[in-house]
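For reference, the sequence and a predicted model appear below.
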Amino acid sequence: MPAVTVEHIIKTYGKKKEVLALNDLSFDVAPGELFGIIGPDGAGKTSLFRILTTLLLADSGKATVDGFDVVQSYKEIRKRVGYMPGRFSLYTDLSVEENLNFFATIFNTSIKENYDLVKEIYVQIEPFKDRKAGKLSGGMKQKLALCCALIHRPSVLFLDEPTTGVDAVSRKEFWEMLKGLRQQGITILVSTPYMDEARLCDRVALIQNGAILSINTPAGVVDEFSYPLWAVQSPAMLPLLNELKALPFVKDAYPFGAYHHVVLNNAAAENQLHQWVQQFAVTNVQAKKITADIEDCFIALMKN
Amino acid sequence: MSNNKVITANELTKTFGDFVAVDHISFEVEKGEIFGFLGANGAGKTTAMRMLCGLSMPTSGKATVAGLDVYTENEKIKRSIGYMSQKFSLYDDLTVKENMQFYGGIYGKKDAFIKSKTASILQELHLEKEANVLVKSLPLGWKQKLAFSVAVFHEPEIVFLDEPTGGVDPVTRREFWNMIYQASANGITVFVTTHYMDEAEYCNRVSIMVDGRIEALDAPAQLKQQYHAASMDDVFLKLARKAVRAAD
């Protein structure tokens, strides 16, 4: 039995249903999977999570979590899932320990009973256990929120944009924590606008304007990228981009960090690009063939 | 001081009680430069930016922005700069046109200026048809691009962008940077913070703050060479991991 099933979920907002937040979404998540919902703000990530955690009703469609229907059996689901919303939602006037104790108690359990599950994360904030949650640093708040979402040993954990606005170092630390939890067998659904986090998931759904662009393993998403891709660099990047865009055998060209990524029409174009680069060798244009990044795939799918 | 320096900071410091949020930072930013201001959460970026925008009085040190002193001319600074952040930029319940009129008015621009500038921005962004639409009904990507245009509506010497592309889709993120390049080509200095390390590569120079100090400052290519790193992401990780103080 899948941990999560989503079948033709549609969600609209507004009096005349003029805002289409989720447009006929369907997918399954297997037990123990680390499943990423990857997409920009406004893609529908939070609406989806709120429907699955029984906090919002879909217009139509069906969804189950841990085998229970999100509408009929919402009470069962609420006992079984952990949810970390995008906005910090703990009690700022309770201490670290009081917050954790509170969440354990409302689920009829105790910190002691499930301590093994949160131990690795909790030891990092334990030195501050008497501090009010509102006085914690951003990184520590995040760790406490994760502990509180886990303390009742949920079967499915929903993390809504846990790394948004977080610096590159803390983001890496957070994903290390998720890897640890995954090894404990918890199904995790995590949403993020950061494309580079996709490769840390078992499978991902790329989502834009309420619709799924692709569902696959990160390697599978990259395999679907069917055009030759090259990275090109020169000392004058801005003029280079305009020149690349104007080449007839170039399908798309866009900045990508220190390089421009160049999508070619077909395999024959590789030779043409190579010759074009040779011609400009004096001006230090460098080019190399590369495999696509998830972000390349997302851009290609968006433009299709 | 040469006229080409749009920002100068000399031993600029801000303390809150015993806590040294910004610790004797010194740097200069030149006219038309795209200057990336990086650092981990809690490194002191926001405090430093607030001082440069005339919103927070330094504890010690010197700084000028657009030739104006941050201690004595902070009100003039506010009029000379543009500012945009991911969190706050436009009024959702005003139309596209009303937002531009509002900002133009706030900065004391004449009606004729506002009218012609509004028309040219609408044309540039291909938003002519949406001129009278409420901002809240625009897609996020359009909003961010419009927000940038509004931040430079009054033609400031310098624009401060605080994580302008957070959560924006990858295509719009690149269109947004294209607008930054254009602004810079028109002589507007761009001071930008970001958590996307690929965007650090697009800056002319980048500074990286660690524990209130500027730990590194150079062009991306030089920084990568200096820290034997393949990308700015690696440079950032090498430096930011040295931090001893907790994030805010």
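All right, it came through fine. Residues are numbered from 1 along each chain as shown, chains lettered A, B, ... in the order given.

residues in contact with residue A:65?
Residue A:65 makes contacts with A:3, A:4, A:52, A:53, A:77, A:80, A:81, A:156, as judged by Cβ atoms under 8 Å, 6 or more residues apart in numbering or on different chains. Glycine gets a C-beta too; all of them are placed from N, C-alpha and C.

Please report which of the residues you listed has the highest neighbour count.
Among the contacts of residue A:65, the one with the most neighbours (other Cβ atoms under 10 Å in any protein chain shown) is residue A:52, at 25 neighbours.

Using PDB, write out every CA atom in the helix of greatest length in chain B.
If you go by DSSP state H, chain B has its longest helix at helix B:170-185. In PDB, the C-alpha atoms belonging to helix B:170-185 read as follows (Å, rounded to 0.1, in the frame of the first residue of the first chain):
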ATOM      1  CA  PRO B 170      14.300  29.400 -12.800                       C
ATOM      2  CA  VAL B 171      13.300  31.200 -16.000                       C
ATOM      3  CA  THR B 172      12.000  34.300 -14.300                       C
ATOM      4  CA  ARG B 173      15.100  34.300 -12.100                       C
ATOM      5  CA  ARG B 174      17.200  34.700 -15.200                       C
ATOM      6  CA  GLU B 175      15.000  37.400 -16.700                       C
ATOM      7  CA  PHE B 176      15.300  39.200 -13.400                       C
ATOM      8  CA  TRP B 177      19.100  39.100 -13.600                       C
ATOM      9  CA  ASN B 178      18.900  40.400 -17.200                       C
ATOM     10  CA  MET B 179      17.100  43.500 -15.700                       C
ATOM     11  CA  ILE B 180      19.900  43.900 -13.200                       C
ATOM     12  CA  TYR B 181      22.500  43.800 -16.000                       C
ATOM     13  CA  GLN B 182      20.500  46.500 -17.900                       C
ATOM     14  CA  ALA B 183      20.300  48.700 -14.800                       C
ATOM     15  CA  SER B 184      24.000  48.400 -14.200                       C
ATOM     16  CA  ALA B 185      24.700  49.200 -17.900                       C
END
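
contact partners of it?
Against helix B:170-185 from outside (Cβ under 8 Å, 6+ apart): A:40, A:195, A:238, A:254-255, A:295, A:298-299, A:302-303, B:32-34, B:140-141, B:144-145, B:148-149, B:152, B:159, B:161, B:164-165, B:168, B:190, B:192, B:196, B:199, B:202.

Helix or strand next in line after that helix, which one?
Counting by DSSP states H and E, the next helix or strand C-terminal to helix B:170-185 is strand B:189-193.

OK, contacts around residue A:196?
Here residue A:196 is in contact with A:293, A:294, A:295 (Cβ under 8 Å, 6+ apart).

hmm, back to that, which among the contacts of helix B:170-185 count as buried?
A:40, A:195, A:254-255, A:295, A:298-299, A:302, B:32-34, B:141, B:144-145, B:148-149, B:152, B:159, B:161, B:164-165, B:168, B:190, B:192, B:196, B:199, B:202 (16 or more other Cβ atoms under 10 Å in any protein chain shown).

wait, isn't residue A:181 in contact with residue A:156?
No - taking contacts as Cβ atoms under 8 Å, residue A:181 lies outside contact range of residue A:156: 11.6 Å.

Neighbours of residue B:91, how many?
Residue B:91: 15 neighbours (other Cβ under 10 Å).

What separation is there between it and residue B:134?
9 Å (Cβ to Cβ, to the nearest Å).

With residue A:55 instead?
From residue A:55 to residue B:134 the distance is 27 Å (Cβ to Cβ).

From the contact counts, what lies against the helix or strand residue A:116 falls within?
According to DSSP H and E, residue A:116 maps onto helix A:115-125. Helix A:115-125 sits against helix A:96-106, helix A:138-150, helix A:168-183, with contacts defined as 3 or more Cβ pairs under 8 Å, 6 or more residues apart in numbering or on different chains; DSSP states H and E.
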